[in-house]
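> Build the 3D model from these lines:
(2 chains)
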Amino acid sequence: MSRVINIQPITRIEGHASIGIELDDAGNVNQARVNILSMRGFEKFVEGKPAEELPRIVSRICGICPWMHHLASNKAVDGCFGVTPTPAGGKLRELMQAISHAEDKLLHFFFLAAADFVIGPDTDYAVRNVIGIVKSNPDLAQRVVKMRQLAKMTLDQFSNKAIHPIAGVPGGFSKPLREEDRIEILSRMRQLLDFALFTMDLAKKDIFPKYMEAIQTIGVIRTGFIGTVDDDGALNLYNGKLRLMRPDGSITAFAYEDYTDYIGEQVLPFSYGKFPYARCWNEGFSLDLDEPRGVYRSNTLARINVADKIATPRAQAELEEFRQHFGRPAQATLLYHWARLIEEVYACERAIEILEDPEITDPNVRAAVAPKAGRGVGCVEAPRGTLIHDYTTDENGLILHANMIVGTTHNLGPINMSVDQAARELIHDGVVNEGILNRIEMAVRAYDP
Amino acid sequence: MTVKVASEWLNSCSGCEIAIIDLGERLLDVLKVADFVHLPALMDHKYFGQLGDGRHMEIPEADVGLISGAIRNTEHLEVALEMRRRCKTIIALGTCATHGGIPALSNSYTPEEILHRYYTTESTDAPERRPDPTIVPPLLDRCYALDEKIAVDIYLPGCPPHPDHIFGALTALVEGRPPVLPGKSVCDVCPTRREGKGQLQKLRRFLEAPVYAEPGAPLDEMRCLLEQGFLCMGPVTRAGCGGLDGPPRCIAARVPCRGCYGPVRQDGNPRLDMLNALASNGIDIQSLPESISMLRFAGAHGLLRPAGKRKES
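Below is the predicted model:
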């Protein structure tokens, strides 16, 4: 008899989602879908608010990556008011973003995803989590907790508020970096870089080799990719131009402001979240596994696929090794984890670069701004993908319209495809167990939604 | 002794759960006495059985239920009711749970207005399409604070609550005593210098840096931001954002308070209280571009309403 398996909630992700797997009479998968169950309406309720207040409102879209919304919003308001942040103000913003990326990737890899690899996908759910890792591997857990806390408290102590930040302001940053703080943060980021390299080695030696079969089979789909690069084609998380790559590796580049010419969003009945697709490919939109149309992915794997190179040495070496194994573009979904660790190395190296720039302690951190009518598109690469904030203001600098495309949103189509693929790969003749269902969720977690 | 803890998030951003993780090494101590039985952010317990074949939502019994987020849709309501049934003590964790939080700004609009805007943005195709309300949980008429729908035992506001307060509350519950929360206002604990009332007639928007000594100078060398002419919600906001002994976070960053710890009194109205305070000090409240934002953390409990339904006042 046909039945529906309801995995709810999807766990160890951020937010509210469920998976519905529809089985036919023979117990094989008809279709699996991911339902996004929540919507809050930021696009509407920011209307009429003074634009300069938005960076402190829209941060609440995500408590894991509030810096990304805070910074994209500040960039959008800069655009509306026609102001360029002072050099030190811009660099402090990017520094905060880099540290935040470094913290976020440790959180995702160790606190959310690692249980599937370290404890194992088939273990009992009661121990298959970070608390299980604390009990089974206390030394590693202690070190992870300490290093992640070091990154988080660095953000917290310098910017005064790490969750739902306040220190970014239109025109720059709210306060300068003191020399003694620079030296302290630099030493911490060097420790974090060491830990990033340790994690990369640990994963390459002890974790990924055990799961090569899973990497080649779970959630594998073929799509395009999106991400930001600078003028040299190198990975850039803070600023640059967007690249949209087709599944065959060919690339189109465009400026943030033009995003609606290249990206559209579809509405599907089973999800509050919308489904972005590559409008500029003129092939429509379909999540069909054999013949997807318009589907591209964002987040770590996407970024390292679209970038020609990474401008920092240790991350570049890791990228070269990755490409030797998996080519470009790499398509296997679980490789998002590997790419995440490469970006972890980059984020630490980039923070160190910024901290070694003498301009970073310049006291001129904030350009005065005046409200006016305008439009600004602020974009940054968030841990979960390309983040776009697009605001229009009236003559008093109050918000007329706001549109936002959040990192994970780009991946909603691909997540659906990966879950559908994983379910078809793993469920046959009605045989279902906890390990199988968790493996299907692993296809979601790779995207770190 | 150990206590069983269940944790849920509703109309929220996960910042409160990250604040729990931000306990850092103290979290390892908490884990020695707190036995988490349900925690979707970090653990794989499912509502409908681990094989997804159950018919009714089920959350395990627990001594303490932590709930972040307000109640915005039918699923949030169902989860909140199940948590209430299963947990002896319910903690409303964070300002969304206690007062609606930022997402309760949506209470200025009808659900239809919210859906309409989201599904007609500049990047959205075929704007007449909507998700199917028999598949996704429909929005309620507005965003409700937790205590509008279920009984709440302990209020722990903050956006997010400071890890010091989370730690204090959890250890108090393990030791079987009620947690103590700060009852002062942000101004009561703010170290900036106040020089007196009377001179200020208008407020400025926060478009330029306030005057302050060097970045490393103590905060008591900076003049009160409200006295410098910037709207600061410190007078009507509960203290606590800086933890047990830190100064208010925004002030330390040289930016004005926006009210993230909610009103000083649980049932306060920050907008009304602030406008009254400004007016009684001779400040022209027309100099503000708008005042809805004064309720940006406290729009539940009927304080924000859609335009057509707003009470004449």
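
> count of neighbours near residue 102?
Just going to use chain A. 32 (other C-beta atoms under 10 Å in any protein chain shown). Heads up, the C-betas are built off the backbone N, CA and C, glycines and all.

> that answer is for a different chain, and I need it for chain B
30.

> and it, what does it touch?
For B:Ile102, the contacting residues are A:57, A:60, B:96, B:159, B:296-297, by C-beta atoms under 8 Å, 6 or more residues apart in numbering or on different chains.

> From A:Leu107, how far off is whichever residue of the stretch 51-200 of chain A sits closest to chain B?
Residue nearest to chain B within the stretch 51-200 of chain A (C-beta to the nearest C-beta): A:Gly63, separated by 2.4 Å. According to C-beta to C-beta, to the nearest Å, A:Gly63 stands 11 Å off from A:Leu107.

> Overlap of the contact sets of those two?
Any residue near both A:Gly63 and A:Leu107 by C-beta under 8 Å, 6+ apart counts here, and that gives B:Ile18.

> can you list the residues that contact stretch B:201-217?
With C-beta under 8 Å, 6+ apart as the criterion, stretch B:201-217 contacts A:50, A:52-53, A:169-171, A:174-178, A:180, A:363, A:366, A:368-371, A:397, B:221-223, B:225, B:228-231, B:254-256, B:278, B:282-284, B:287-289.

> If we use 7 Å, what do you get?
A:50, A:52, A:175-176, A:178, A:366, A:368-371, B:221-223, B:225, B:228-231, B:254-256, B:282-284, B:287-289 (C-beta atoms under 7 Å, 6 or more residues apart in numbering or on different chains).

> hey, where'd the strands end up in the stretch 201-350 of chain A?
Residue ranges of the strands in the stretch 201-350 of chain A, as given by DSSP state E, counting those that start in this stretch, are A:224-229, A:241-245, A:251-254, A:263-266, A:275-278, A:296-297.

> Close to chain A: what parts of the stretch 151-300 of chain B are there?
Contact residues, the stretch 151-300 of chain B versus chain A (C-beta under 7 Å from any C-beta of the partner chain): B:159-160, B:205-209, B:215-216, B:249-250, B:252-255, B:258, B:289-290, B:293, B:296.

> ok, of those, which come out buried?
B:159-160, B:205-207, B:209, B:249-250, B:252-255, B:258, B:289, B:293, B:296 (16 or more other C-beta atoms under 10 Å in any protein chain shown).

> Where does the closest residue to B:Asp153 other than its chain neighbours fall, secondary structure wise?
Among residues not flanking B:Asp153 along the chain, B:Thr89 sits closest, at 4.7 Å (C-beta to C-beta, 6 or more residues apart in numbering or on different chains). If you go by DSSP states H and E, B:Thr89 is part of strand B:87-93.

> Partner strands of that strand and their direction?
Strand B:87-93 pairs in its sheet with strand B:62-68 (parallel), strand B:154-156 (parallel), by DSSP bridges.

> if I look at the residue in the stretch 201-313 of chain B positioned nearest to chain A, how far off is A:Phe158?
Nearest residue of the stretch 201-313 of chain B to chain A: B:Ala253, at 3.9 Å (C-beta to the nearest C-beta). Using C-beta to C-beta, one gets 9 Å for the distance from B:Ala253 to A:Phe158.

> Between the two ends of stretch B:5-19, what distance do you get?
Using C-alpha to C-alpha, to the nearest Å, the end-to-end distance of stretch B:5-19 comes to 16 Å.

> What of stretch B:251-264?
17 Å.

> Likewise for stretch A:38-58?
Span of stretch A:38-58 from end to end, C-alpha to C-alpha: 16 Å.

> Please apply the same query to stretch B:61-79.
Termini of stretch B:61-79 sit 13 Å apart (C-alpha to C-alpha).

> Repeat that for stretch B:256-272.
Terminal-residue distance, stretch B:256-272 (C-alpha to C-alpha): 19 Å.

> Serialize the strands of the stretch 201-350 of chain A to CSV and add fields for mean neighbour count, distance to chain B and mean pLDDT.
Formatted as CSV, these follow (neighbours: other C-beta atoms under 10 Å in any protein chain shown; distance: least, C-beta to the nearest C-beta, whole Å; pLDDT from 0 to 100):
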stretch, mean neighbour count, distance to chain B, mean pLDDT
strand A:224-229, 25, 13, 98
strand A:241-245, 22, 13, 98
strand A:251-254, 14, 14, 98
strand A:263-266, 22, 5, 98
strand A:275-278, 25, 7, 98
strand A:296-297, 28, 14, 98
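
> per-residue confidence for the residue nearest to B:Asp153?
B:Thr89 carries a pLDDT value of 96.

> Settle this for me: it is touching B:Val152, isn't it.
No. Using C-beta atoms under 7 Å, B:Thr89 is not in contact with B:Val152, being 9.6 Å away.

> Pick out whichever of the two has more residues nearby.
B:Val152 (22 against 16).

> how about that one, what does it touch?
B:90, B:92, B:146.

> so who does the last one touch?
Spelled out, it's B:Leu146. B:67, B:70-71, B:80, B:92, B:97, B:152.

> which among those residues gets closest to A:Ser187?
Of all these, the one sitting nearest A:Ser187 is B:Ala97; the distance, using C-beta to C-beta, is 38.5 Å.

> can you pull the pLDDT of the nearest residue to the closest one once chain neighbours are set aside?
Counting by C-beta to C-beta, 6+ apart, B:Ala97 lies nearest to B:Leu146, which is 4.6 Å off, once chain neighbours are set aside. Looking at B:Leu146, its pLDDT reads 98.

> Likewise for B:Pro215?
For B:Pro215, the model assigns a pLDDT of 76.

> buried stuff in stretch A:274-289?
Neighbour count says stretch A:274-289 has A:274-279, A:281, A:285-287 buried, by 16+ other C-beta under 10 Å.

> what do you get for stretch A:145-157?
Those would be A:145, A:147-152, A:154-156, for stretch A:145-157 by 16+ other C-beta under 10 Å.

> which stretch of helix or strand covers A:Asp156?
Using DSSP H and E, the element containing A:Asp156 is helix A:138-159.

> What's the first helix or strand after that helix?
Using DSSP H and E, the first helix or strand after helix A:138-159 is strand A:168-169.

> what's the helix or strand that that following strand is followed by packed up against?
Per DSSP H and E, strand A:168-169 leads on to strand A:172-173 as the next helix or strand towards the C-terminus. In terms of contacts (3 or more C-beta pairs under 7 Å, 6 or more residues apart in numbering or on different chains; DSSP states H and E), strand A:172-173 is packed against helix A:87-106.

> How far away from the center of its chain is the helix it packs on?
Distance of helix A:87-106 from the chain centroid (C-alpha atoms, centre = their mean, to the nearest Å) equals 14 Å.

> Averaged pLDDT, it. What do you get?
In this model, helix A:87-106 has a mean pLDDT of 98.

> Stretch A:20-39 too?
Stretch A:20-39 comes out at a mean pLDDT of 95.

> tell me which residues of stretch B:90-99 are tucked away?
So for stretch B:90-99, counting by 16+ other C-beta under 10 Å, buried means B:90-99.

> Cool, thanks, signing off.
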